[in-house]
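Participant: This is a predicted model, with the sequence first.
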Amino acid sequence: LIACLVSNQEVVVEVLVTVIRTAQQAKTVRFLHVAFDTTGDSFLAGDHHGNIYVFDISRNRFRLVQKTGQACTALAFSLRRTTEFLVALADYTIKCFDKDTKQLVSWMRGHEGAVSSISVHSSGRYAISTSSDTAQLWDLDSFQRKRKLNIRQSVGIQRVFFLPLSNTILSCFSDDSIFAWESDTLFCKYQLPVPDCGPKISYKAFAVTRDGKSLAAGGRSNLLHLWCLESKQLVRVIQMPTQVRTVRQLEFLPDSFDGGASQTLGVLSQDGVMRFINIHTCKLLFHMGSHDDAITTVAVSPNGRHVVAIMDNGSINVYSVQSLTQELNKPPPSRVAVVSGGEADQELSNLKVKVRSEVVQRPAKSSGRRTQVKTLRPPAGSTAEDKENELPAGLNKKRLVALLKAFGEYPAKYRMFVWRSLLCLPENHAAYSSLTDKGLHSAYLTLHDKYPIKSHKLQRGLQRVLSALAHWAAIFGEVEYLPLIAFPFVKLFQNNPMLCFEVVATVIVNWCQHWFEYFPNPPLNILSMAENVLAHHDKELLQHLVDCGITSQLYVWPLLETLFSEVLTRDEWLRLFDSIFSNHPSFLLMACVAYITCCREPLLLCSQKQDFEYFFHHRNNLDVGAMIKEAYRLMGNTPADLHPRTMLSDFTPLTKGQYPVFNHYPEFIVEYQSREREKIRLQEMEYLRERQEVSALRADFVRRQAEEEAYYAQQELLQKAEEQRRNILAQEEEKLTQQRAKLGAMKRELKVKELQLLDATRRRFLSHQQDLRATQIQGLDQEISRKMDLRERETAAAVQDLEVRQMELEAQRRRFEQHLLKEQDRMGREVEEEVEMRMRKAEREEESYTELLHNTETNMQALEESLADACQLGLESDWQREVAERLQQVDTEQERKRERLAELHRQTLAEEERLADTMIDVAGKKWDEVMSTRAQLQEQRQPLSSDTGITTHTHTPVYVCFLPDGMRQRRIRSPCQTRGLLQRPSQAGTNMVCLNSSSPSESTSTNFSLDRGRTQLDSSERELLKDIRELRQKLAARAREGSSASSQSVQTLSSVSQ
C-alpha cells in the first residue's frame, strides 16, 4: 500500500521556556545533553563547561548541582535512587552524583572511547553504557561492571539499550544488524532480519514504544523502518518528505491512554527540524524548529507532557504538548485531503508509505501566550552603537577590537570562538553536506603529488576543503594558489572541516575581493593598490625596488597568495590574523605594505632578483607587533583617494541556509580553461591509453626479440655444449679405463687389508672378550669375597652374641649353685642345731621320764616331721619365687628375640634343656650317692642301735624344682637327708657315728663333697658348647651353598647382631 498524504494543517507547539546559559562578557555557553527523571517533571542539562543543572518544570526553578570540569557526552536521570544521576564525561569515564548532597557516589571506568549513550533498566538497577567500540553492563547497586560486549573493529556499535518493561537488550551495529539478548544470561534471543532489497539505510537513530513491541529505525535516508518485535518482522517502511535526507534522532511521544503503544513518532532530520507523524495514518501532525532555529537533540518526558530541545545556538527550549492535544481534538477545518495511489516497489509493495506535506508556516501569533525566555545571566543594556557591533555569539566587536589593541592578540583558548563570532559563520550543515557528498573534485585528485603532506589526516582534510570550494565555484578548481591559502586554516580547523570551509570561503569572499578578475594572472588592481600605498609612505624603498626591476608581483603577491604563512611562524600568523579578522578587509593589504616597510633595511641591501625572491618566500627577523602597529598606522594615515577601503567592500558574512553564489571572475576564461583542462584530460587519457598500447606492443616486440635472441643463443650454446660433452666423454672414457686398473689394484690391496683388519679385529675381539670375562670373574670373586667377609663378620658377631649369652647362662648357673650351697649349709646348720637341742632335751627328759620313752619318741617323731615339713615348705617357697623370677626374665628375653633368632633360638633352647637335664641328672646322682652313703652308714649303725636299743628314723624329703620353658618337674632330694638323730644315752665307750657331727673324731669315710659332681657338670657344659659350635659351623656351611639361602641367613644374622 503506497499512499501520498497531503496535509495543510498548521499546528504550533507552545514554547514554555527558553534557557540561555551566559558567561562573562555575554558569552553563550552551549548546552550539550538533557535527560528527564522518571516523573517527567524535572530534567538534567549539561553544558560544555562541565556544569550540570537540574530544572524543575512544575515549580519553574533550576539549580546547579555539579561542576565536573569537562564536557559531558551522555546523561541518565532515571535511576532507582531518584536523587542520583549518571554523567558520561569526555575522559571516557562515567560518574554517579547525588543531586541533593552534590557528592560523588561512584566513578566507573572501562571505556576506551567517548560514551555516546546510557540506557537504564526500567527497575533502575542496571545501566548500559555504549561507545563506538564496546558496550558495558553495570550494576548500579555495587557500581561494578557485570558484562562487556566486544566487537570486531570492522563493525562498530551504533547503540545498545534496554527494552521497556522487559529484561531484553537490543544491540544495533553499523552493518544494520539488530540482536536481542537476555540481560541476565546474555543469551541471544533473536536477530531481526536485515532487508536485502531496497537502498541501505545505515541505521543511526532508534526508538521503542513504551510497551516494547515496536521499534523504529532510521539513518542516512528519508526512509524509516518500523519493526514488530513480537513477530520479528519489518511491518512498514515510511518515506519522509524530500527535505529529510538524514535522520538524526527518533522519539515516540507517549500518551496516557494508548496503553504504551505510542502512535506519534518524532523524527529529527539533518535540517534541524523535528517532525511528528502518526505511524499508522502516516500523517504529519506538527513540527518543531526551523532552518534558522535548528534543533540538535531532543528529550521527551516519560509522561509525554513536555519536550526539551537543545537548539543549534546552545540554548534549551522547553515545549508543552498539552496545547497540541487540544488542537488535535478540535474538529478539522473544511479542507479536503486527497489520497493518491502510486506504484510500489516490487519487494516493499505492502510496507512502503510515503508522507508528503506542504511546508508548515507558523503564524505570527499562535496563541495569546507569549514565549517566555529565561536566561541564567541576563545581558546588560546596549546602546545603538553597540547594536551595530553586536556579534551573533553575544560578543561585541568594538570591545573585542579594544581588547585586541590592548593585548595585541586574543586569548589562545578562545581564539577560535572569537574568530567564529567575528566571521559570523552560518554553519550550514546541510549545504556543506551537499558539497561534500559530491566527493573529491577531479582537480585535486593528485594534490598529494604537488603538495606532499606528511600527515594523511591533514592531506585528506585539505583535499575535502578544496574539493568543496571547487564544487561551490568552478574557478576554485583552476586556482593554483588556493591550497596555499587554505592550508593554514585546514591545519587550525582539522577537527571541524565544515568550519574550516566556511572560514576559507569567508576569507575568499571578503579579503580576496577582486583577486580573480584578471584570472589566470595575479590581481593587478590589488597589487597596484598596495604599490600606491607604499609609494605614498616610502618612496625611497619603492624607487629602490623599481631600480632593481622588482615589481609588485614579486614583493606583494607572494605575501598575499600564501597569506603570510611562508614568512611568519604559527604564533605570529595567529596574531596577525586576529587583527585582520577584526578590521576592514583592506587591512590585509596594509599588512603587506607594513611588512615591506618594516623590512626596508635588508631590502635596501638586496639588489639581485634571486635575493628578493628568497626574502619573500622565507622567514625573516621581524617584530610582528611592530608590523601590526605599522599596519594600523597605515590604515589611519593613508589618504582616502589611495586607501584600499574605497575600492573594497565592507565585511559581508556568508548567508545562512545556502552559501552565496560566487561569480566574481571571468567566467569565459574559467570555462575555457575548464574545457581546455577537460580536453587536455581527455587527450591525456587518450595519450596514456595509446602510450599504454604502444608500451604493450613495444614490450611484446622486445619480449619476442628477446625470446628469439635467447633461442639462437641457446642453440649455439647447445652445439658448443654438445662438442664439449663429446670431448669430455672421450677424456672421461680414457680416465675411466685408467681408473678401473687402479681400482682393481686398490681392490686387491683393500681386500688384503680387509683380511688383515678382520684378523686383527677378531684377535682384538677375543682379547677383549677374555679381558671382559676376566674382569667379570674378578668382579664375581670380589663380590663373593665381599659377601663371604660380610657373612663371616655377621657370623662372628652372632657367635659373639651366643658366647655372651652362654656366659650369661653360665653366670646364672653358678649363681644358682652358690645359692643352692648356701641353702644347703643353712638348712644343715638348722637341722644340726635342732637335732642337738632336741638331743639335749631328750637326754634331760630321758633321765626324768624313762617310763614315757616310747611316747616321747612318738612325739619327737611327730615334731621332727612337722619341723621337716616347715623347713621343706619354706625352702620350696624361696626356691619357687627365685626360680619364677628368673624364668620370667628369661621368658621376656626369649619373647623379644624369638622372631629374630627363629631356628637358632629353638636349637639354643634344646641345648639349654639338655644342659638343664644334665645339671639335674648330675645333681640327682650326687644326691643319690649321698643318700646311698648315708644309707650305708645307717646300715652300719643299725646293728649298733639295735644293740643299744636306739631307734633312728630317717626322712628323705622331696624338693620340687621348676625349670624354664615348661620343663617337667623333677624331684631332687633334700641336701638334709636326716631331720634329726635321736640317740639314747649309751654306755661310755659306745662308738656312735652322726652324719652331721662335726667331731674331729668322725670317720673320713662318712664325709662327702660336691666337687666331683661340679667337675662333671663343667665337663658336660664344655661338651655342650662344643656341640653348639659344630652346629653353627654346619649352619654357616649350608648358608654358603645357595645364594637365596645365603641372603636369608645374612639377614637373620644381621637382625640377630642388631
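Facilitator: All right, it came through fine.
Participant: The helix or strand in which Gln812 is found packs against which elements?
Facilitator: Element membership of Gln812 [criterion: DSSP states H and E] is helix 667-848. Packed against helix 667-848 by the contact rule (3 or more C-beta pairs under 8 Å, 6 or more residues apart in numbering; DSSP states H and E) you find helix 853-948, helix 1011-1041, helix 1043-1057. Bear in mind the C-beta positions are built from the backbone N, C-alpha and C, glycine included.
Participant: Contacts only, for Arg815.
Facilitator: Residues counted as contacts of Arg815 (C-beta atoms under 8 Å, 6 or more residues apart in numbering): none.
Participant: Kindly apply the preceding question to Asn222 instead.
Facilitator: Shown here is Asn222, whose contacts under the criterion C-beta under 8 Å, 6+ apart are Gln239, Met240, Pro241, Thr242, Val244, Arg245, Val247, Ser269.
Participant: What's the separation between the closest residue to the second one other than its chain neighbours and Gln243?
Facilitator: Right, the one you point to is Met240. Counting by C-beta to C-beta, 6 or more residues apart in numbering, the nearest residue to Met240 once its immediate chain neighbours are dropped is Asn222, at 4.3 Å. Asn222 sits 8 Å away from Gln243 when distances are taken as C-beta to C-beta, to the nearest Å.
Participant: do the same with Val890
Facilitator: Using C-beta to C-beta, we find Val890 at a distance of 127 Å from Gln243.
Participant: re earlier: just checking, which of the contacts of Asn222 belong to strands?
Facilitator: Secondary structure assignment by DSSP state E places Gln239, Val247, Ser269 of these in strands.
Participant: With distance to Leu79 as extra columns, can I get those residues in TSV?
Facilitator: Formatted as TSV, these follow (distance: C-beta to C-beta, whole Å):
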residue	distance to Leu79
Gln239	39
Val247	29
Ser269	32
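Participant: Including neighbour count, could these go into a markdown table?
Facilitator: Conversion of the ones in strands among the contacts of Asn222 to a markdown table gives the following (neighbours: other C-beta atoms under 10 Å):
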| residue | neighbour count |
| --- | --- |
| Gln239 | 18 |
| Val247 | 25 |
| Ser269 | 25 |
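Participant: so what does the host helix or strand of Arg159 touch, helix or strand wise?
Facilitator: Assigning secondary structure by DSSP H and E places Arg159 in strand 157-162. Using 3+ C-beta pairs under 8 Å, 6+ apart as the contact criterion, the secondary-structure elements in contact with strand 157-162 are strand 117-120, strand 126-130, strand 134-139, strand 168-173, strand 203-208.
Participant: partners of the first one in the sheet?
Facilitator: So that's strand 117-120. In the sheet containing strand 117-120, its partner strands are strand 126-130 (antiparallel), by DSSP bridges.
Participant: mind listing what the residue lying closest to Arg147 once chain neighbours are set aside touches?
Facilitator: Using C-beta to C-beta, 6+ apart and skipping residues adjacent in sequence, the residue nearest Arg147 is Leu137, 4.1 Å away. Contact criterion C-beta under 8 Å, 6+ apart gives Tyr126, Ala127, Ile128, Arg145, Lys146, Arg147, Lys148, Leu149, Ile169, Ser183 as the residues in contact with Leu137.
Participant: which residues does Leu137 bridge with?
Facilitator: Note on Leu137: beta-bridge partners Ile128, Arg147, judged by DSSP bridges.
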